[in-house]
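>>> Just the structure for this:
(4 chains)
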There are 2 protein chains.
Amino acid sequence: MTARTTSAKTLGARTLGEGARDIPEATVARLPVYLRALTSLAEAGTRTCSSEDLAAAAGVNSAKLRKDLSYLGSYGTRGVGYDVDYLRYQIAREIGVTQDWPVVIVGIGNLGHALANYSGFRSRGFRVVALLDADPERHDEVVAGVDVRPFDDLEQIVADQGVAIGVIATPALAAQDVADRMVACGITSILNFAPSVLSVPEGVDVRKVDLSIELQILAYHEQRKAQTA
Amino acid sequence: MTARTTSAKTLGARTLGEGARDIPEATVARLPVYLRALTSLAEAGTRTCSSEDLAAAAGVNSAKLRKDLSYLGSYGTRGVGYDVDYLRYQIAREIGVTQDWPVVIVGIGNLGHALANYSGFRSRGFRVVALLDADPERHDEVVAGVDVRPFDDLEQIVADQGVAIGVIATPALAAQDVADRMVACGITSILNFAPSVLSVPEGVDVRKVDLSIELQILAYHEQRKAQTA
DNA sequence: CTCGTTTTGTTCTCGCGTTCACAAACTCCT
DNA sequence: AGGAGTTTGTGAACGCGAGAACAAAACGAG
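Numbering: from 1, shown residues only, chains lettered A, B, ... in the order given. Next comes the predicted model:
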């Protein structure tokens, strides 16, 4: 007996409605990859694809792909495959990228510039509504069509635009303060590029991207290769 | 270098070959985090720390931290904790960041700029030896003290400098071609920022960082929060 | 209609990673 | 010196995710 007891306490408030299926975190992380692969297939003119095709395009195992998609529902046709456009819409809806997500970016250094200009955001429903920086020297700049404003404008912008997602691209020392201010004014999801561990209250999601950590992981494996050779 | 540190006490279990010590991948991914936390503690003047302290600084569970460190050896003292500098050196050596790692970056757009200027690389043994771009318009630029050179110089630079790690910051369409060229001239570790699935031969490590995927994962959770509210 | 082919959706099993819990080992105080 | 108090290192339990394997469903040919 697999005790599939979705312990009431763990899921807490998320048990209402039947759209509240809980998709495994590992699957959630792959859905955007599938979405991108489907978009790529659609642009190539493909109308229908098998799980093998899509798995190849996404760089995963086909069994894993089918299992991932099964968490969303039965959107395929046995013996045929998946309708590219239909599946793409279903995944997009599940992730939430059919909506418009206003985003603020704090810290307009090199990385902030790159993020503000990154086209992959806009094309997936993310709209950069504000660029903020504490340095007054930057307040004249216009980056990617958005002008840089003082960090103290955060509260008003978040309130006016209904921002729920914030991006931190500041130096490490400023990151926690920025996060605190973000949380205080209602932001509940933070993407952190600063190399520091953020502490946030329950209910706020933080994802961290650390460029140098990725290189260090590669270096470890590289070192191993060199040793055994 | 590679002093084989055969943990004087627990010999016998691991005498099978040098590279035979297999550290779990999940642990490898956390070692850089511990390294950064230790550096931070050291800068704050801390000489010794317990697993609780370090775990808090790294944002993980203390049991997990101890188990992770146990894969490296017995570097702590029961009843006391870990010597910050000593542990820091041991982790750095294990990851390989005590060495010098020459790195080439291909694609000097917004992101390439940010990467070239990122101080977190240099401070961890990564030395950007070349910036390459296919666009001749960029070949005059000097970014972060390194001048941008034609992509066709790749082979010679890799050979001259003994480069093993390459970073791809090009548009998606160019990424596979760049990867192929890198692999052909001997690069065995690739950090890919382009939103495309790279196919590389066995023995080449690829890590992918996708900025928009991270945001999409946040959007999914954000949507769930909104539904239950 | 029936059979064979294709491909999905799901079940089962296995291995990895996380966490708990505790003995071993070390320091400090009396 | 001995006991009390800490803290590490690790064995064991547990839960989750990956992959293999297969039954169910759709389609087409005859």
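
>>> C-alpha from now on. contacts and neighbour counts both.
OK.

>>> and residue A:202, how many neighbours?
By the measure other C-alpha atoms under 10 Å in any protein chain shown, the count of residues near residue A:202 is 7.

>>> swap in residue A:101?
Residues contacting residue A:101 under the criterion other C-alpha under 10 Å number 25.

>>> cool, residue A:70 as well?
Burial of residue A:70, expressed as a neighbour count using other C-alpha under 10 Å, amounts to 13.

>>> Would you mind identifying the helix or strand in chain A with the lowest mean pLDDT?
When the helices and strands of chain A are compared on mean pLDDT, DSSP states H and E, helix A:8-11 comes out lowest with a mean of 30.

>>> That one: what's the following helix or strand?
Where DSSP states H and E defines the elements, the next helix or strand beyond helix A:8-11 is helix A:25-43.

>>> is that next one up against DNA strand D anywhere?
Yes - on the criterion C-alpha under 7 Å from any atom of the strand, helix A:25-43 is in touch with DNA strand D at A:25-27.

>>> Tabulate the residues you listed (CSV), appending distance to residue A:106.
Supplementary listing: the residues of helix A:25-43 next to DNA strand D in CSV, determined by distance: C-alpha to C-alpha, whole Å:
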residue, distance to residue A:106
A:25, 27
A:26, 28
A:27, 29
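
>>> Return the list of helices and strands in contact with the strand ranked longest in chain A.
Of all the elements of type strand in chain A, the one with the most residues (DSSP state E) is strand A:126-133. For strand A:126-133, the contact count by 3 or more C-alpha pairs under 8 Å, 6 or more residues apart in numbering or on different chains; DSSP states H and E identifies strand A:101-106, strand A:146-150, helix A:154-161 as packing neighbours.

>>> mind checking which of those is nearest residue B:104?
Taking C-alpha to C-alpha, strand A:101-106 is the member of the helices and strands packed on strand A:126-133 nearest to residue B:104, at 28.2 Å.

>>> Just want the angle from the closest one to helix A:154-161.
Inter-element angle recorded for strand A:101-106 and helix A:154-161: 170 degrees (by axes from the mean of the first three to the mean of the last three C-alpha atoms, to 10 degrees).

>>> Moving C-terminal from strand A:101-106, which element do we reach first?
The next secondary structure element downstream of strand A:101-106 (using DSSP H and E) turns out to be helix A:110-117.

>>> any residue of that following helix up close to chain B?
Yes - on the criterion C-alpha under 8 Å from any C-alpha of the partner chain, helix A:110-117 is in touch with chain B at A:110-111, A:113-115, A:117.

>>> Serialize those residues to a markdown table and add fields for distance to residue A:124.
Output for those, formatted as a markdown table (distance: C-alpha to C-alpha, whole Å):
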| residue | distance to residue A:124 |
| --- | --- |
| A:110 | 23 |
| A:111 | 20 |
| A:113 | 19 |
| A:114 | 17 |
| A:115 | 14 |
| A:117 | 14 |
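
>>> Residue A:61: which of these is nearest?
Compare each of the residues of helix A:110-117 next to chain B with residue A:61 using C-alpha to C-alpha and the shortest gap goes to residue A:115, at 30.9 Å.

>>> which regions of chain A sit below the pLDDT cut-off?
The model of chain A has pLDDT under 70 over residues A:1-21, A:229.
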